[in-house]
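Trainee: model the structure of this input:
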Amino acid sequence: MNPSDQLIAYIQKLNPLAEGDREQILEKFKFRKVKKNEFLLREGEVCNFNLFILKGSLRMYMVSPQGQELIRYFAFENKFGTDLTSLISGSPSNEYIQAIEKTELFQISKSDFLGLVDSIPAINRVYRNMLEQAYVTSQKRIYNFQGKTALEKLNWLLEYSPGILARIPSKMIASYLGITPFTLSRLKAEL
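Mentor: Numbers count the residues shown, from 1 in each chain. Down below sits the predicted model:
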């Protein structure tokens with residue numbers, strides 16, 4: 001499947017496209033290859049784009065005043081990724097967006113994306129789905145992590161993201177789960 005077909009298939013799963021919508025959409029999304037560890041956004045920059053991951057993975061994270069990386073989200077194939085707070089508010093980001101692997105994606109500017117949201121019902125549905133999924137994911141993560149053991153957190157992650165242990169470095173997974181890399185290593189041995 002070529003990259004354009006992958007994006008269109010994702011959109012059409014949520015909402016059928018009208019005649020002419022495909023061309024209008026593909027004219028705004030720009031294909032991009034990103035190197036492993038490349039930054040797409042740094043703390044303090046305003047996020048004025050949305051990303052659709054075709055192949056590879058990204059992480060969204062912030063760095064605490066103590067220098068600890070706090071990972072909020074991993075974006076994999078057929079997912080959108082952005083800093084929604086900065087994108088919506090226009091304020092400087094508190095986050096970094098970084099490629100974990102060599103990644104291929106489509107990037108669209110905020111103004112082009114919002115223009116499509118206003119003019120194409122299928123993209124409006126995509127945006128609504130992004131907002132809903134971001135909310136649901138954050139709520140599940142909050143409530144699934146409160147009072148849970150490290151093993152319960154890991155089991156939740158494996159259910160939510162099967163195969164993540166094979167793709168993402170343990171240090172990043174430990175950061176996402178809020179546990180030490182040593183604890184994660186011990187838990188992986190028990191699986």
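Trainee: hey, let's count contacts and neighbours off CA atoms from now on
Mentor: OK.
Trainee: okay, buried residues for the lengthiest helix in the chain please.
Mentor: The longest helix of the chain (DSSP state H) is helix 121-145. By 16 or more other CA atoms under 10 Å, the buried positions in helix 121-145 come out as P121, A122, I123, N124, R125, V126, Y127, M130, R141, F145.
Trainee: want to throw those residues into JSON lines with pLDDT and distance to D21?
Mentor: What follows is the buried residues of helix 121-145, written out as JSON lines (pLDDT from 0 to 100; distance: CA to CA, whole Å):
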{"residue": "P121", "pLDDT": "94", "distance to D21": "9"}
{"residue": "A122", "pLDDT": "94", "distance to D21": "9"}
{"residue": "I123", "pLDDT": "95", "distance to D21": "9"}
{"residue": "N124", "pLDDT": "95", "distance to D21": "12"}
{"residue": "R125", "pLDDT": "94", "distance to D21": "14"}
{"residue": "V126", "pLDDT": "93", "distance to D21": "14"}
{"residue": "Y127", "pLDDT": "94", "distance to D21": "16"}
{"residue": "M130", "pLDDT": "92", "distance to D21": "19"}
{"residue": "R141", "pLDDT": "79", "distance to D21": "35"}
{"residue": "F145", "pLDDT": "78", "distance to D21": "41"}
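Trainee: redo those as TSV? Include distance to E27.
Mentor: As requested, the buried residues of helix 121-145 are exported to TSV (distance: CA to CA, whole Å):
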residue	distance to E27
P121	17
A122	15
I123	14
N124	17
R125	19
V126	17
Y127	18
M130	21
R141	36
F145	41
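Trainee: from those residues, pick the one nearest K110.
Mentor: Y127 (11.5 Å; CA to CA).
Trainee: if I look at that closest one, how far off is K79?
Mentor: 12 Å (CA to CA, to the nearest Å).
Trainee: swap in L14?
Mentor: To K79, L14 is 13 Å away according to CA to CA.
Trainee: now swap in D21 and tell me
Mentor: 20 Å.
Trainee: could I get the full set of helices for the chain?
Mentor: Ranges of helices within the chain are 3-14, 21-28, 84-89, 110-119, 121-145, 150-160, 164-167, 170-177, 181-190, based on DSSP H.
Trainee: near G163, how many other residues are there?
Mentor: Neighbourhood size, G163 [other CA atoms under 10 Å]: 11.
Trainee: domain map for the protein?
Mentor: Per the record, the chain has its domains at 1-126, 133-191, by automatic domain parsing.
Trainee: for stretch 62-75, measure first residue to last.
Mentor: 15 Å.
Trainee: so what touches that stretch?
Mentor: Under the criterion CA atoms under 8 Å, 6 or more residues apart in numbering, residues 43, 53, 57-61, 81, 94-96, 172, 175-176, 178 lie in contact with stretch 62-75.
Trainee: can you mark which positions in that stretch are buried?
Mentor: Of the residues in stretch 62-75, M62, E69, L70, I71, Y73, F74, A75 count as buried by neighbour count, 16+ other CA under 10 Å.
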